[in-house]
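> Build me a model from this:
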Amino acid sequence: MAIVINKRKQSGESKPKLEEPDQELIARFLKGEEGAFNRLVLSYQNRVYGLCYRITGNLEEAEEVAQEIFLTVYKALRDFRGDSRFSTWLYRITVNHCKNRMKYLGRRGYFQSESYDQPVEVEDGEVSRQIRSEDMDAAALLEQRETQELVQRKINELDEEHREVILLRDMEGLSYQEIADILGLREGTVKSRIHRARLELKAKLEKELFK
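Residues are numbered from 1 along each chain as shown. A predicted model of the protein is given here:
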């Protein structure tokens, strides 16, 4: 089955209806309705793709890993027992796939994060990675871009266990309990890792800014 990751913002017509919870879509898929799985993909593809990009730092790698993730989900969904939320299960698969991909790239010495200055190619042309405001002048936009690049670069310098909790908590906005379920850790362990990760990131940023 070919999974197409559409990086554009989905139109209202293509989004799953809000009244269709994950459990309902899964049940319909298990009964043989392929379209129900496509709705799950549309619902989660942006979050999965975004997390893959933040972890790998590369658009092509992120898209390839996201494709692999949804293929894995498609094959494994019949074994999903519902012990946790579907989103938690999906994030767990996403993190594990990204970890494996990073190890694969690391063995080949391939770590090349793309610049936030480069636009993302989409079907309708190109869009910037930056969050732009019409009220911001060129100097402010440059400062914003440089800050974003610096933060992402320093996050990438964190060790794996610190990087993943920072991304899940501060970038994805997940709760401590959700992160604990995804990583298979105690909630207290997650909190302590996030605390240490933030301190380490703060130190790296201060060293860079005040050198």
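> Give me the residue ranges of this protein where confidence is low.
Low-confidence segments of the chain (pLDDT under 70): 1-20, 108-145, 211.
> could you redo the last one with a cut-off of 50?
Within the chain, the ranges that satisfy pLDDT under 50 run 8-19, 113-134.
> what's the domain layout of it?
Domain ranges of the chain: 9-114, 136-211, per automatic domain parsing.
> how about those in CSV, adding mean neighbour count?
Every C-beta, even on glycine, is put in place using the N, C-alpha and C of the backbone. CSV is the format used below for the domains of the chain (neighbours: other Cβ atoms under 10 Å):
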stretch, mean neighbour count
domain 9-114, 16
domain 136-211, 15
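> Closest to the centroid, which residue in the chain?
In the chain, the C-alpha nearest the mean C-alpha coordinate belongs to Leu51, at 0.9 Å (Cα atoms, centre = their mean).
> thinking that residue is in contact with Cys98, fair?
Yes. The criterion here is Cβ atoms under 8 Å, and Leu51 meets it with Cys98 at 7.3 Å.
> about what we covered before: which stretch of helix or strand covers the residue nearest to the centre of the chain?
helix 34-56 (DSSP states H and E).
> what about the helices in this protein?
Along the chain, counting by DSSP state H, helices occupy 22-30, 34-56, 59-76, 86-107, 138-157, 160-166, 176-183, 187-209.
> where does Gly106 sit relative to Glu160, distance-wise?
Relative to Glu160, Gly106 is positioned 10 Å away (Cβ to Cβ, to the nearest Å).
> right, I mislabeled it, should have said Gln23
In terms of Cβ to Cβ, Gln23 sits 32 Å off from Glu160.
> How about Phe29?
33 Å.
> What of Arg81?
With Cβ to Cβ as the criterion, Arg81 and Glu160 are 28 Å apart.
> Please apply the same query to Ile179.
Applying Cβ to Cβ to Ile179 and Glu160 gives a distance of 14 Å.
> swap in Tyr44?
23 Å.
> does Gly57 really touch Glu149, like I thought?
No. The pair Gly57 / Glu149 is not scored as a contact, 10.8 Å apart, by Cβ under 8 Å.
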